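>>> Build me a model from this:
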Amino acid sequence: MVWSQSELDALRSAFAAGTLRVTYDGRTVEYGDADDLLKRIRVIEHEMATMSDGAKPSRSLAAFTKG
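Here you go, the predicted model:
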């Protein structure tokens, strides 16, 4: 998934203000609590840092078998 800097900036501003509702790029998202919001910020920061290092983000698929 590709995130924008505007989304990250909006998330950081909301977290700093103690708000759980975030609006960016014409979208509004409301998070359940501050931990959810902070987790989202950390995921985006990690993905952006990984992509700026020239590495591709890792992806994995779940496998299921009938027991």
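
>>> ok, now how distant is residue 46 from residue 33?
20 Å (C-beta to C-beta, to the nearest Å). C-beta here means a position set from N, CA and C on the backbone, and glycine is covered the same way.

>>> can you check residue 24 too?
19 Å.

>>> What strands line up against the host helix or strand of residue 28, and which way round?
According to DSSP states H and E, residue 28 maps onto strand 27-30. Paired neighbours of strand 27-30 in the sheet (DSSP bridges): strand 21-24 (antiparallel).

>>> OK, contacts around the nearest residue to residue 22 once chain neighbours are set aside?
Of all residues not flanking residue 22 in the chain, residue 14 sits nearest, at 4.5 Å (C-beta to C-beta, 6 or more residues apart in numbering). With contacts defined as C-beta atoms under 8 Å, 6 or more residues apart in numbering, residue 14 is in contact with 20, 21, 22, 37.

>>> Compare residue 24 and residue 33 (neighbour count), which wins?
Taking neighbours as other C-beta atoms under 10 Å, residue 24 and residue 33 compare with residue 24 leading, 18 against 9.

>>> Local confidence estimate at that one?
Per-residue pLDDT puts residue 24 at 89.

>>> now do residue 52
71.

>>> got it, and residue 60?
Residue 60 is assigned 63 on the pLDDT scale.

>>> Next: residue 21.
At residue 21, the predicted lDDT confidence score is 95.

>>> how close does it get to residue 10?
Counting by C-beta to C-beta - residue 21 and residue 10 are separated by 10 Å.

>>> Of the two, give the one with the bigger neighbour count.
Taking other C-beta under 10 Å, residue 21 and residue 10 do not tie; residue 10 has more neighbours (18 against 10).

>>> Show the contacting residues for residue 8.
Counting by C-beta under 8 Å, 6+ apart, residue 8 has contacts 41, 44, 45, 48.
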